[in-house]
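# Give me coordinates for this.
(chains A and B)
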Amino acid sequence: DVKVTQSSRYLVKRTGEKVFLECVQDMDHENMFWYRQDPGLGLRLIYFSYDVKMKEKGDIPEGYSVSREKKERFSLILESASTNQTSMYLCASIRVDEQYFGPGTRLTVT
Amino acid sequence: AQSVTQLGSHVSVSEGALVLLRCNYSSSVPPYLFWYVQYPNQGLQLLLKYTSAATLVKGINGFEAEFKKSETSFHLTKPSAHMSDAAEYFCAVRPYSSASKIIFGSGTRLSIRP
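This next block holds a predicted model:
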């Protein structure tokens, strides 16, 4: 089975902190994604990567950056966390037509 | 631009009753369509997908969905609801023009009454 893991299930950070969310997949998938999930808004794409060191902006990239140094790992970075970035963050990788999701990281910025 | 609309942010049915979750997409060309389920405190899991083969698609846990081009719809159904079906359900679309980007609907929370 494909496995996508995220480094933390719950995270609490202070405003202005630099935050790293890590995602690792174990099936050699080329495409990886970061979404944020908010009530009533569904999933919104932040960034995606289709290869090592390659990245593309999604629909809401402002305030975020990403890093993909190895194929299996895709990191989401909040350079200076703000309270409006409090959300559930979901990582996914894709094989053919199917996206496989990690369990999510619930981030609270105080 | 492609979009997905899920009608009803919350649906409540009795155990044993029919489940119907509605999804409409906007696209001039039939895209790939998906339904995902999210149980509490978990990530999303693929229920079923339509990729231009059979219009009636069967998925896991007894769910199925029918692609109707004339109505641009892809509604999700299950004949008899079970308590374990309580979750949030997301409809999603992947345009032919996109190699990987998937657009999600806003989700429908399904509650099951005993």
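# quick one: residue B:91 is in a strand?
Yes - judged by DSSP: H, G, I helix; E, B strand; the rest coil, residue B:91 forms part of a strand.
# Spit out the contact partners of it.
With contact set as C-beta atoms under 8 Å, 6 or more residues apart in numbering or on different chains, residue B:91 has these partners: B:4, B:6, B:21, B:23, B:25, B:33, B:34, B:35, B:74, B:76, B:104, B:105. In this view, the C-beta of every residue, glycine as well, is placed from N, C-alpha and C.
# How about it, nearest residue that isn't a chain neighbour?
Take residue B:91 and drop its neighbours on the chain: the residue closest to it by C-beta to C-beta, 6 or more residues apart in numbering or on different chains is residue B:23, 3.5 Å away.
# gap between the residue of chain B found nearest chain A and residue A:38?
Relative to chain A, the nearest point of chain B is residue B:43 (3.5 Å; C-beta to the nearest C-beta). The gap separating residue B:43 from residue A:38 is 15 Å, by C-beta to C-beta, to the nearest Å.
# Tell me which of the two has more neighbours.
Per other C-beta atoms under 10 Å in any protein chain shown, whichever of residue B:43 and residue A:38 has more neighbours is residue B:43, with 20 against 12.
# So what sits opposite the residue nearest the centre of chain A in the bridge?
Nearest residue to the geometric centre of chain A (C-alpha atoms, centre = their mean): residue A:34, 3.2 Å. Under DSSP bridges, the beta-bridge partners of residue A:34 are residue A:47, residue A:91.
# you'd agree it is up against residue A:74?
Yes - contact criterion C-beta atoms under 8 Å: residue A:34 and residue A:74 qualify, at 7.0 Å.
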